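Asks: Provided below are the primary sequence and the corresponding predicted coordinates.
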Number of protein chains: 2
Amino acid sequence: MPYRRTENVARRLAARHAAIIAAARDAASEGGMAAVQIAAVAQRAGIAAGTVYRYFPGKTDLVAALLTEISEREIGAVRAAADVAPGPLSALSAAIMTFAARALRHRRLAYAAIAEPVEAELDAGRLSFRKALATEFGNLIAAAVAHLPEQDGALSAAALVGLLIEGLIGPLAPDATGRERAVVQSLALVALRALGVADARARGLVVMTDNR
Amino acid sequence: MPYRRTENVARRLAARHAAIIAAARDAASEGGMAAVQIAAVAQRAGIAAGTVYRYFPGKTDLVAALLTEISEREIGAVRAAADVAPGPLSALSAAIMTFAARALRHRRLAYAAIAEPVEAELDAGRLSFRKALATEFGNLIAAAVAHLPEQDGALSAAALVGLLIEGLIGPLAPDATGRERAVVQSLALVALRALGVADARARGLVVMTDNR
DNA sequence: GGCGATTTTGAATCGTGGTTCACTTGTTGC
DNA sequence: GCAACAAGTGAACCACGATTCAAAATCGCC
């Protein structure tokens, strides 16, 4: 029985799988979700269009994989920032600012991943990103419940996600070029006030660190 | 020279124009933006597909007209509510609650009009709706500036729009069926807090009236 | 009723981009 | 080198729904 899948081959396949996702991400970063076309992605990855279908059953799955990757990375960053914070309110603030700063730093990709118009099928993957984000913030709100006014955590979390998205990367968002820090801080203030933290600035909750 | 465009004919043409938009709205209300297809809209309006093109240059224009109509109606309602309020904060609150209550009452249409994934071209019309909404809220924020903490009005307005959309009609929004009033009030509290009104409930700013 | 102008019709056309598949190329173990 | 199979290729195919257009129906006026 010749041809067992060698270690070597398995590695090459895995690498190609990753390369396709990376190509999709690059395409999205440059031209938005509209640029994530099978032919274009394949070309970027240096393979033929048909080959993509040996790695993903369809475009939907490729986009879902891309969004999962982004989601994990972003949520990981948010969680990490919250984890090292000294208290629940500080954790909330750190999570908000981290998300905001990172979204601004990769604005086009963030827009593609979360707000750009796409056909409904692709939107499903995006929904899980938003859900995960809302859950994450919901947990932080729950953890800070003792320091916040009584509220419906799920509703607040959803509203918070919307507030951040629209304020940062949605089509209404003001141009932040060159004043990212100021925008992040302003929006964090608005966000924290929304949750019931009236004096975030005075309490030193919105100081920026560079790893955000 | 036979056939001048008679008053009668003009009226019929105008009526048909309106009927097409109404058919589009009905389609959107029932099946979302995906159901707004030329053939389907034409059938609802009781005309042939080709006829639509005598009234609108293309689908984009039809959708834009639909969104304009919705936008004018909604913004009119918001403005009217703000106009009769006794003061600037009260006006803000009334605007927020009016928008929220109306969105919940026609949730599917609101979703179609503002949040449902659609192809990029159609999204342009939607953008003007959001912009108009943000401008409206921005004005109210500006008018209340004396009663609010210092803030970037445009940023706050954008964030407010996002907060309301995601809290009410976005995919994350919790199911509000049967508790619309509670959701509207909760969200209004969050929204007002975001703008810096810490004690909206105590000040009686979130009482609901039925015409919302 | 008839004539010119306008409106309506709906089947055929078209553009787009995802997906398929017969064929070629590469890999493994003997 | 070769058999057996996997992976890769890319042009052809297909689905979908917007758009077109030549023919038919309708309209206003005499």
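Replies: Right, received. Where do you want to start?

Asks: correct me, but residue A:45 touches residue A:19?
Replies: Yes - counting by Cβ atoms under 8 Å, residue A:19 is a contact partner of residue A:45 at 4.9 Å. The way it works is simple: take the backbone N, C-alpha and C, and place the C-beta from them, glycine included.

Asks: And the two? Which one has more around it.
Replies: Taking other Cβ atoms under 10 Å in any protein chain shown, residue A:45 and residue A:19 do not tie; residue A:45 has more neighbours (22 against 16).

Asks: Quick check: nearest residue in space to that one, chain neighbours excluded?
Replies: Nearest residue to residue A:45 in three dimensions, chain neighbours excluded: residue A:23, at 4.0 Å (Cβ to Cβ, 6 or more residues apart in numbering or on different chains).

Asks: Test my guess that that neighbour contacts residue A:51.
Replies: No - if you go by Cβ under 8 Å, residue A:23 and residue A:51 don't touch, sitting 11.6 Å apart.

Asks: what about those two, which has more around it?
Replies: residue A:23 (22 against 14).

Asks: quick one: secondary structure of the more buried one?
Replies: helix (DSSP: H, G, I helix; E, B strand; the rest coil).

Asks: quick one, what contacts it?
Replies: A:41-42, A:44-45 (Cβ atoms under 8 Å, 6 or more residues apart in numbering or on different chains).

Asks: Let's have those in TSV, adding secondary structure, distance to residue A:99 and pLDDT.
Replies: Below are the contacts of residue A:23 laid out as TSV (DSSP: H, G, I helix; E, B strand; the rest coil; distance: Cβ to Cβ, whole Å; pLDDT from 0 to 100):
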residue	secondary structure	distance to residue A:99	pLDDT
A:41	helix	27	97
A:42	helix	32	97
A:44	helix	28	96
A:45	helix	29	96
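
Asks: Relative to chain B, which of the residues you listed is nearest.
Replies: Among the contacts of residue A:23, residue A:41 lies closest to chain B (Cβ to the nearest Cβ), at 18.4 Å.

Asks: remind me which residues of chain A are low pLDDT?
Replies: A:1-5, A:210-212 (pLDDT under 70).

Asks: which residue ranges form the helices in chain A?
Replies: A:7-31, A:38-45, A:49-55, A:59-83, A:88-105, A:107-114, A:120-143, A:153-168, A:180-195 (DSSP state H).

Asks: For residue A:121, see how far away the closest residue to DNA strand D within chain A is.
Replies: Of all residues in chain A, residue A:50 sits closest to DNA strand D, at 1.7 Å by Cβ to the nearest atom of the strand. For residue A:50, the distance to residue A:121 equals 21 Å [Cβ to Cβ, to the nearest Å].

Asks: Same check on residue A:35?
Replies: Relative to residue A:121, and taking Cβ to Cβ, residue A:35 is found at 17 Å.

Asks: These two: who's more crowded?
Replies: Neighbour comparison, residue A:35 and residue A:121: the larger count goes to residue A:35, with 16 against 13 (by other Cβ under 10 Å).

Asks: Can you give me the distance of the spatially closest residue to that one that is not a sequence neighbour to residue A:125?
Replies: Closest residue in space to residue A:35, ignoring its immediate chain neighbours: residue A:27 at 4.4 Å, by Cβ to Cβ, 6+ apart. Residue A:27 sits 16 Å away from residue A:125, taking Cβ to Cβ as the criterion.

Asks: before we move on, what about residue A:43?
Replies: According to Cβ to Cβ, residue A:43 stands 23 Å off from residue A:125.

Asks: Equivalent analysis for residue A:17, please.
Replies: Separation of residue A:17 from residue A:125 (Cβ to Cβ) stands at 17 Å.

Asks: Between these two, which has more neighbouring residues?
Replies: residue A:125 (21 against 15).

Asks: what residues are up against the more buried one?
Replies: Taking Cβ under 8 Å, 6+ apart, we find residue A:125 in contact with A:60, A:63-64, A:66-68.

Asks: What is the burial count for the residue lying closest to residue A:140 once chain neighbours are set aside?
Replies: The shortest distance from residue A:140 to any non-neighbouring residue, by Cβ to Cβ, 6+ apart, is to residue A:92 (4.8 Å). Applying other Cβ under 10 Å, we find 27 residues neighbouring residue A:92.

Asks: ditto for the one 4 residues further on
Replies: Using other Cβ under 10 Å, residue A:96 has 29 other residues around it.

Asks: Look up how far residue A:175 lies from it.
Replies: 21 Å.

Asks: How about residue A:134?
Replies: 27 Å.

Asks: between those two, who's got more neighbours?
Replies: Counting neighbours by other Cβ under 10 Å for residue A:134 and for residue A:175 shows that residue A:134 has the greater number, 23 against 8.

Asks: Identify the residues contacting that one.
Replies: Residues near residue A:134 by Cβ under 8 Å, 6+ apart: A:154, A:157-158, A:160-161, B:172.

Asks: Most neighbours of all those, which one?
Replies: Result: residue A:160 is most packed of the contacts of residue A:134 (other Cβ under 10 Å), 32 neighbours.

Asks: excluding its backbone neighbours, what's nearest that residue?
Replies: Per Cβ to Cβ, 6+ apart, closest to residue A:160 is residue A:137, 5.3 Å.

Asks: Number of residues surrounding that neighbour?
Replies: Using other Cβ under 10 Å, residue A:137 has 27 other residues around it.
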